[in-house]
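Enquirer: the following block contains a protein sequence and its predicted model.
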Amino acid sequence: MDRERPIIGQVNALETPRFAGPTTFARIPSITEVPDYDVAVVGIPFDTGVSYRPGARFGPAAIRAGSKLLRPYNPELRVRPFLDQQVVDAGDIAVSPFNIVAALDAVTAGITRLISADRRVLVLGGDHTIALPVLRALHAVHGPIALVHFDAHLDTWDTYFGEPYTHGTPFRRAFEEGLLAPGAFHVGIRNSLYDAQDLVDDQGFGFTIVTSVQVGHEGAAAVGARLREAVGDRPVYVSVDIDVLDPAHAPGTGTPEAGGLTSRELLEILRGLAGTRLVGADIVEVAPAYDHAELTAVAAAAVGYELLSAFTAR
Ligand code: MN
Ligand code: MN
């Protein structure tokens, strides 16, 4: 964007109390309030692809509500994510709750309107199905994408009830459609699978798995460094299913799994991706009906803050 223009940051919390201000992410300006931007935050309130508890359609609103305490300076990365780049809230992409294929096409169209070679996007989901149409839009601009996927689950299954587009299948479809660069990662995988073959299939799609147990043994900083080295200088997409966190840290989600990452571990790993060529990211599967005391919404907002900081650090 035009560097001559002043960047518009957050509403000043010392003039307008946080609980009185706008409902945009972190109280940043709406896309209609600035002429251009570097990063658009956009909600996709869609959960027609879930296999268990519904409710992630209310995720974007919950994450925005949980983001009101985010402050301008990130001392860990020494960046100002809302002042060193122009970040805007682009509202929500309205999609059909009844027709998944139509909804996915609408997401691709909506993301395509927001991105360019140097305009990036942070998506607030929504269930994990939406990662596929976001990757379709990013691939059209950047070519094959290096995927770093945080999740308790592989999300590379084939079909559910014969349906190919669900929140358990986006990355198998992305692989089949040629959207992914070789060497994608899953981080935080744990617990039960349908069959040992699930892991064989997943490896066949080129994924490397870092389980939640391995994160505990290796340490978050080492995992972050490993990911940074693996993605190199390729365009990177970071997809964060909030169920990568232990239910103690993020109860408000649709398919909770015991034994997950702490929010501190996840945030530290994400800091390891600062300085890579991030072209997009998502935070999905926040379902506020199962949340308590905004634990999940606040964790998701903090994830968004680290991702936006990682965008800045490029
Ligand atoms: Mn999951
Ligand atoms: Mn998932």
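Expert: Received the coordinates, thanks. This one's a predicted model, so the numbers in the text were calculated from it and none came from an experiment. Ligands and ions are numbered 1, 2, ... in the order given.
Enquirer: if I look at the residue most central in space within the chain, how far off is residue 114?
Expert: Centroid-nearest residue in the chain, with Cα atoms, centre = their mean: residue 282, separated by 1.8 Å. Noted for residue 282: a distance of 13 Å to residue 114, by Cβ to Cβ, to the nearest Å. All C-beta spots, glycine's among them, are computed from the backbone N, C-alpha and C.
Enquirer: residues touching residue 227, list them.
Expert: If you count contacts by Cβ atoms under 8 Å, 6 or more residues apart in numbering, residue 227 has them with 148, 185, 187, 269, 272-273.
Enquirer: which of these lies closest to ligand 2?
Expert: residue 187 (11.9 Å; Cβ to the ion).
Enquirer: looking at this, that closest one is in a strand?
Expert: Yes - using DSSP: H, G, I helix; E, B strand; the rest coil, the assignment for residue 187 is a strand.
Enquirer: for it, name its beta-bridge partners.
Expert: Beta-bridge pairing of residue 187 under DSSP bridges involves residue 150, residue 210.
Enquirer: and it, how many neighbours?
Expert: Residues near residue 187, counting by other Cβ atoms under 10 Å, number 28.
Enquirer: I'd guessed it sits against residue 244; true?
Expert: Yes - Residue 187 is within contact range of residue 244, at 7.0 Å (criterion: Cβ atoms under 8 Å).
Enquirer: which neighbours do these two share?
Expert: 150-151.
Enquirer: and the strands in this protein?
Expert: Per DSSP state E, the chain carries strands over the ranges 39-44, 87-92, 120-125, 146-150, 185-189, 208-211, 236-241, 278-284.
Enquirer: what comes into contact with the longest one?
Expert: Applying Cβ under 8 Å, 6+ apart, the external contacts of strand 278-284 come out as 56, 59, 63, 115, 120-128, 130-131, 134, 138, 141-142, 145, 167, 235-242, 300, 303-304, 307, 310-311, 314.
Enquirer: among these, which ones lie close to ligand 1?
Expert: Contacts with ligand 1 within the contacts of strand 278-284, as defined by Cβ under 5 Å from the ion: residue 241.
Enquirer: the residue of the stretch 201-314 of the chain found nearest ligand 2 and residue 286, how far apart?
Expert: Ligand 2 sits closest to residue 241 of the stretch 201-314 of the chain, with a gap of 3.5 Å, by Cβ to the ion. Using Cβ to Cβ, we find residue 241 at a distance of 10 Å from residue 286.
Enquirer: more neighbours: those two, which one.
Expert: residue 286 (34 against 28).
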